[in-house]
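>>> Need coordinates for the below:
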Amino acid sequence: MTQAPLPAETRIGHVHLRVSDLDRAIGFYRDLMGFELITRLGGEAAFLSAGGYHHHIGLNTWQSEGGGPPPPGSTGLYHFAINYPTRRDLAVALKRLLDAGVSIDGASDHVTHEAIYLHDPDRNGIELAWDRDPSEWPRTEDGSLTFARRRPLDFDGLLAELETPVSP
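Sure, this is the predicted structure:
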């Protein structure tokens, strides 16, 4: 029996990560990534948000305080994506990370979206992304999307977005 597809408005609401050091993780997501600390549950958990949402990122040390990242070859989170509303917003995020000396692991222009990859201090994978308008997404004759995996990201073009004045 084929199930009806999910509504197009369906979204993944938040990610909740096990971390080894709560203060370090808060510092990364608040101070470097720009999320707002919404609430903290002592030294065990914290919830961060963009724009006043109840939380986009949950952090906890319930089963991971002082622990290390999963070893290569194990299952778990590959990465989660933070989607920015504009290309300029992605450029601002990239510049903030570069200015702080954060290492970027990779970047791609996937044709449907531009993506920058990095890891947080606990080695959780993060994708910073900006989606092109769906009308620009390449499709095959049957309507399937066409992705590009290894098309290089135009860093100069992305950072040039910062030179464009912001409209009121």
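
>>> so where does the residue nearest the centre of the chain fall, helix or strand?
Centroid check for the chain by C-alpha atoms, centre = their mean gives residue 82 as the closest residue, at 2.7 Å. Assessed by DSSP states H and E, residue 82 sits inside strand 80-84.

>>> thinking in terms of the whole chain, how far from its middle is that strand?
A distance of 3 Å separates the centroid of the chain from that of strand 80-84, by C-alpha atoms, centre = their mean, to the nearest Å.

>>> what's the first-to-last distance across stretch 133-142?
Stretch 133-142 has an end-to-end distance of 19 Å (C-alpha to C-alpha, to the nearest Å).

>>> and residue 18, what does it touch?
For residue 18, the contacting residues are 60-64, 67, 122, by C-beta atoms under 8 Å, 6 or more residues apart in numbering. Where C-beta positions appear, they are placed from N, C-alpha and C, glycine not excepted.

>>> Please list the residues outside the longest helix belonging to the chain that contact it.
Ordering each helix of the chain by length in residues (DSSP state H) puts helix 87-99 first. Contacts to helix 87-99, defined as C-beta under 8 Å, 6+ apart, come from residues 32-34, 82, 84, 104, 114, 116, 118, 128-130, 155, 158-162, 164, 166.

>>> hmm, which of the residues you listed are the buried ones?
The neighbour count (16 or more other C-beta atoms under 10 Å) marks 32-33, 82, 84, 114, 116, 118, 128-130, 158, 161 as buried among these.

>>> These in helices, which ones?
Short answer: these in helices (DSSP H) are residue 158.

>>> Now render the buried ones among the contacts of helix 87-99 as TSV, adding pLDDT and distance to residue 71.
Converted to TSV, the buried ones among the contacts of helix 87-99 look like this (pLDDT from 0 to 100; distance: C-beta to C-beta, whole Å):
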residue	pLDDT	distance to residue 71
32	95	26
33	96	26
82	96	25
84	96	32
114	96	31
116	97	25
118	97	20
128	96	25
129	96	27
130	96	32
158	96	33
161	95	38
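
>>> need the buried ones among the contacts of helix 87-99 in TSV with distance to residue 51, can you?
As requested, the buried ones among the contacts of helix 87-99 are exported to TSV (distance: C-beta to C-beta, whole Å):
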residue	distance to residue 51
32	18
33	14
82	12
84	12
114	21
116	21
118	22
128	16
129	17
130	16
158	22
161	20
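
>>> Looking at the buried ones among the contacts of helix 87-99, which is nearest residue 50?
For the buried ones among the contacts of helix 87-99, the residue nearest residue 50 by C-beta to C-beta is residue 82; the value is 8.3 Å.
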